[in-house]
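Asks: Generate coordinates for the sequence data below:
(one chain, ligands or ions: 1)
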Amino acid sequence: MKIPVGVLGATGAVGQRFVQLLDGHPWFEVKALAASSRSAGQSYERACHWILSTPMPEWARQMPVLPATATAGMDCQLLFASLPGDLAGPVEEEFAAAGHVVCSNASAHRLAADVPLIIPEVNADHLALIRTQQAGRGWKGFIVTSANCSSTHMTLALKPLQSAFGLSKVYVVTMQAVSGGGYPGVPSLDILGNVIPYIGGEEDKMVSEPLKLLGRLQEGRIQDAEIVISPHCNRVPVHDGHTECVSVSLGRQTTIEEISQVWRDFRAEPQALGLPSAPQHPILVAEEADRPQPSRDIHLEKGMATIVGRLRPCPLFDFKFVLLGHNTVRGAAGGSLLNAELLVAQGWIK
Ligand SMILES: NC(=O)c1ccc[n+]([C@@H]2O[C@H](COP(=O)([O-])OP(=O)(O)OC[C@H]3O[C@@H](n4cnc5c(N)ncnc54)[C@H](OP(=O)(O)O)[C@@H]3O)[C@@H](O)[C@H]2O)c1
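Replies: Take a look at the predicted model:
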């Protein structure tokens with residue numbers, strides 16, 4: 001029997017991606033869809049302006065949209081949440097207190113000391129914080145968060161470098177897709193033929209989240225990694241897929257060949273456990289001089305991999321490279337789905 005799940009924020013850019021990725025999922029079955037009071041009471045088909053390139057799944061069309069409150073009577077232990085950041089804090093807490101497991105995409109709890117911020121290939125061991133969270137807050141349920149989309153892909157590429165060589169400094173310039181801002185996002189007159197050199201809050205997230213993700217669990221607390229990160233974040237007229245130009249200072253001397261091999265060989269718990277949404281290769285190394293590119297490479301490994309390329313020496317740092325990742329798949333809904341699969345595999349969800 002499949003595990004019944006719900007989606008909070010089901011009508012948004014990330015919520016729709018959840019509905020798409022949960023269609024035919026081997027372990028999970030969607031039993032509840034929730035959104036704002038604007039949508040509640042309508043059928044999903046009516047409330048949702050579907051923006052994905054595959055059709056809305058048949059089973060979702062006539063499902064009623066519920067209000068995103070714990071009193072709405074959602075009969076599912078596991079909830080995927082893609083609510084606006086300012087709202088997510090109290091709503092997710094209300095659901096966790098009511099006994100639900102909340103896999104959240106919002107920033108509200110990512111940096112809380114007792115909330116795991118998880119990329120399963122990077123820090124699966126941080127799930128142990130769940131015990132601290134439940135004991136400290138007196139909850140039967142709990143909250144597990146996934147990172148901001150740009151941080152997720154950068155951290156996936158950095159993890160094997162940190163493990164193999166040590167890592168001290170990261171300089172990154174992002175070119176982020178419009179779907180990263182949700183729907184309808186940036187007005188077309190602001191973004192078409194343009195680059196916007198500012199995304200509110202994004203640079204702070206790219207500084208703090210990778211440090212927690214790459215940090216160490218010690219005596220029930222996360223010790224942040226000691227890495228200096230300097231990001232510039234830009235919104236560009238690309239539909240899906242964030243591109244990031246990254247320079248790194250490593251802890252020891254190495255070569256382009258060795259780094260490429262470390263990336264190619266990178267596997268972790270999701271691959272060992274054979275989780276349904278795990279990519280076979282979490283990091284793909286593009287060989288061509290002009291790749292990766294969003295319109296050509298974003299769907300590799302069904303959007304669950306980080307694609308790196310253009311690795312070369314850096315005269316300011318040690319090495320520089322380009323990475324690409326799908327922002328609403330691995331950077332949001334797909335990442336949360338993999339977190340939930342890990343929770344099931346580790347016995348946190350029965
Ligand atoms: N887009 C990305 O690439 C991405 C990546 C990583 C993380 N995230 C995070 O994921 C979350 C959702 O992002 P998104 O891009 O999907 O945003 P979005 O397209 O604006 O969707 C927001 C969703 O939240 C619902 N909502 C809004 N106000 C609400 C309220 N007062 N009560 C209950 N539900 C409410 C909306 O429902 P209605 O349709 O009824 O208004 C909609 O379903 C954000 O926290 C964002 O930072 C997004």
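Asks: Next, the contact list for residue 312, please.
Replies: Residue 312 sits next to 256, 319-321 when contact means C-beta atoms under 8 Å, 6 or more residues apart in numbering. Just so you know, the C-beta spots here come from the backbone N, C-alpha and C atoms, and that holds for glycine as well.
Asks: nearest to residue 75, of those residues?
Replies: Nearest to residue 75 among the contacts of residue 312: residue 321, at 46.7 Å, using C-beta to C-beta.
Asks: returning to that earlier point: can you put the contacts of residue 312 in CSV and add secondary structure?
Replies: As requested, the contacts of residue 312 are arranged in CSV below (DSSP: H, G, I helix; E, B strand; the rest coil):
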residue, secondary structure
256, helix
319, strand
320, strand
321, strand
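Asks: can you pull the contacts of the closest residue to the ligand within the stretch 101-250 of the chain?
Replies: For the stretch 101-250 of the chain, the residue closest to the ligand is residue 182, as judged by C-beta to the nearest ligand atom, at 2.8 Å. Contact analysis of residue 182 by C-beta under 8 Å, 6+ apart lists 12-14, 84.
Asks: Tell me who's in contact with the closest residue to the ligand within the stretch 1-150 of the chain.
Replies: Nearest residue of the stretch 1-150 of the chain to the ligand: residue 12, at 1.9 Å (C-beta to the nearest ligand atom). By C-beta under 8 Å, 6+ apart, the contact set of residue 12 is 35, 82, 182-183.
Asks: and if you look at residue 213?
Replies: Going by C-beta under 8 Å, 6+ apart, residue 213 touches 117-119, 122-123, 147, 151, 155, 159.
Asks: Next, the nearest residue to residue 32 once chain neighbours are set aside: secondary structure please.
Replies: Closest residue in space to residue 32, ignoring its immediate chain neighbours: residue 6 at 3.5 Å, by C-beta to C-beta, 6 or more residues apart in numbering. Assigned with three-state DSSP, residue 6 falls in the strand class.
Asks: can I assume residue 6 is in contact with residue 73?
Replies: No - using C-beta atoms under 8 Å, residue 6 is not in contact with residue 73, being 10.6 Å away.
Asks: neighbour-wise, which of these two wins?
Replies: Between residue 6 and residue 73, residue 6 has the larger neighbour count (other C-beta atoms under 10 Å), namely 25 against 8.
Asks: for that one, which residues make a bridge with it?
Replies: According to DSSP bridges, the residues that bridge with residue 6 are residue 32, residue 79.
Asks: distance of it from residue 82?
Replies: 12 Å (C-beta to C-beta, to the nearest Å).
Asks: With residue 157 instead?
Replies: 24 Å.
Asks: With neighbour numbers in mind, choose between these two.
Replies: Taking other C-beta under 10 Å, residue 157 and residue 82 do not tie; residue 82 has more neighbours (27 against 24).
Asks: Give the full set of residues in contact with that one.
Replies: Here residue 82 is in contact with 7-10, 12-15, 18, 105-106, 332-333, 336 (C-beta under 8 Å, 6+ apart).
Asks: Read off the pLDDT value for it.
Replies: With respect to pLDDT, residue 82 has a value of 97.
Asks: Please report how far it lies from residue 303.
Replies: In terms of C-beta to C-beta, residue 82 sits 16 Å off from residue 303.
Asks: And for residue 237?
Replies: Applying C-beta to C-beta to residue 237 and residue 303 gives a distance of 20 Å.
Asks: Give me the more crowded residue out of those two.
Replies: Taking other C-beta under 10 Å, residue 237 and residue 303 do not tie; residue 303 has more neighbours (22 against 16).
Asks: returning to what we had before: quick one: which of the contacts of residue 12 is nearest to residue 47?
Replies: residue 35 (6.4 Å).
Asks: how much space between the closest one and residue 21?
Replies: In terms of C-beta to C-beta, residue 35 sits 18 Å off from residue 21.
Asks: try residue 144
Replies: 17 Å.
Asks: Between the two, which has more neighbouring residues?
Replies: Just comparing residue 144 and residue 21: by other C-beta under 10 Å the higher neighbour count belongs to residue 144, 25 against 22.
Asks: Hmm, the more buried one is touching residue 103, no?
Replies: Yes - assessed by C-beta under 8 Å, residue 144 is found in contact with residue 103 at 5.5 Å.
Asks: Name the residues contacting each of these two.
Replies: 339, 343.
Asks: and the closest residue to residue 33 other than its chain neighbours, helix, strand or coil?
Replies: Of all residues not flanking residue 33 in the chain, residue 10 sits nearest, at 3.9 Å (C-beta to C-beta, 6+ apart). Three-state call for residue 10 (three-state DSSP): coil.
Asks: What ranges does the protein have for its helices?
Replies: Per DSSP state H, the chain carries helices over the ranges 13-22, 44-47, 58-61, 85-97, 120-123, 129-137, 149-165, 188-191, 202-213, 256-265, 269-273, 294-297, 334-345.
Asks: Mind putting these into CSV with mean pLDDT and distance to residue 111?
Replies: Converted to CSV, the helices of the chain look like this (pLDDT from 0 to 100; distance: least, C-beta to C-beta, whole Å):
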stretch, mean pLDDT, distance to residue 111
helix 13-22, 97, 20
helix 44-47, 98, 32
helix 58-61, 98, 33
helix 85-97, 96, 12
helix 120-123, 98, 14
helix 129-137, 97, 12
helix 149-165, 98, 11
helix 188-191, 97, 29
helix 202-213, 98, 6
helix 256-265, 98, 28
helix 269-273, 98, 23
helix 294-297, 98, 29
helix 334-345, 98, 17
